[in-house]
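> build me a structure from this.
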Amino acid sequence: MTFEELLAKTRDVASQIDATGKDFLAVQVNLKEGGVLYVEVKDGNIAVEPYEYNDRDCGITINMKNYDKLLDGKLDPVVAFTLRKLKVDGDVGKALEFANLLKSR
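I've put the predicted structure just below:
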C-alpha cells in the first residue's frame with residue numbers, strides 16, 4: 001500500500017467517526033517507510049492532512065503495514081506498543097485516546 005492510499009484510507013476511517021463532544025486531539029503519524037500525516041480533532045470535526053503537526057499532543061511511529069492493520073482494527077494499539085511495533089513520542093494518554101477514537105467507528 002502506498003502513502004497516498006493510506007492517507008485516503010485514514011480520511012475514510014475519519015469520516016466514519018462521530019467526534020461530537022470529543023476534546024481537542026492532534027496526533028502525528030510517522031510512517032517508517034516515509035511519509036507523515038496528522039489527525040486533528042477539533043470542534044467535533046476530524047481533519048487528516050499529509051503534513052507535520054508541530055503543536056501535536058503526541059507522535060506515533062509505525063510501519064505502513066501495521067498502520068494499515070491498525071486502521072482495519074486488526075492490530076490492537078496497546079499490543080502494538082507493548083511489542084514495539086508502535087512507538088509513541090509525547091503524551092501516551094493522547095495516543096490511547098486516538099486508538100479509542102479509531103475503535104469507535
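> which parts of this structure are strands?
For the chain, applying DSSP state E gives strands covering 25-31, 36-42, 45-49, 58-62, 86-90.
> below-threshold pLDDT in the protein: ranges please.
Within the chain, not a single segment meets pLDDT under 70.
> now the most far-flung residue of it relative to its centre: closest residue in space that isn't a chain neighbour?
Distance from the C-alpha centroid of the chain, by C-alpha atoms, centre = their mean, peaks at Gly21 (18.6 Å). Of all residues not flanking Gly21 in the chain, Gly44 sits nearest, at 6.9 Å (C-beta to C-beta, 6 or more residues apart in numbering). From N, CA and C alone the C-beta is placed, and that goes for glycine too.
> what sits against that neighbour?
Contacts for Gly44 (C-beta atoms under 8 Å, 6 or more residues apart in numbering) come out as 19-22.
> next, work out how far apart it and Ala19 are.
Going from Gly44 to Ala19 by C-beta to C-beta, to the nearest Å gives 5 Å.
> likewise for Ile60?
18 Å.
> give me the more crowded residue out of the two.
Ranked by neighbour count (other C-beta atoms under 10 Å), Ile60 and Ala19 place Ile60 first, with 25 against 16.
> now do the contacts for that one.
So Ile60 contacts 27-30, 86-89, 95, 98 (C-beta under 8 Å, 6+ apart).
> the helices in the chain, which residues?
Taking DSSP state H as the test, the helices found in the chain are 3-15, 64-72, 77-82, 92-103.
> so which of the ones you listed comes closest to Val48?
Closest approach to Val48 among the helices of the chain (C-beta to C-beta): helix 3-15, 4.7 Å.
> which strands and helices lie in contact with the closest one?
For helix 3-15, the elements it packs on are strand 25-31, strand 36-42, strand 45-49, helix 64-72, judged by 3 or more C-beta pairs under 8 Å, 6 or more residues apart in numbering; DSSP states H and E.
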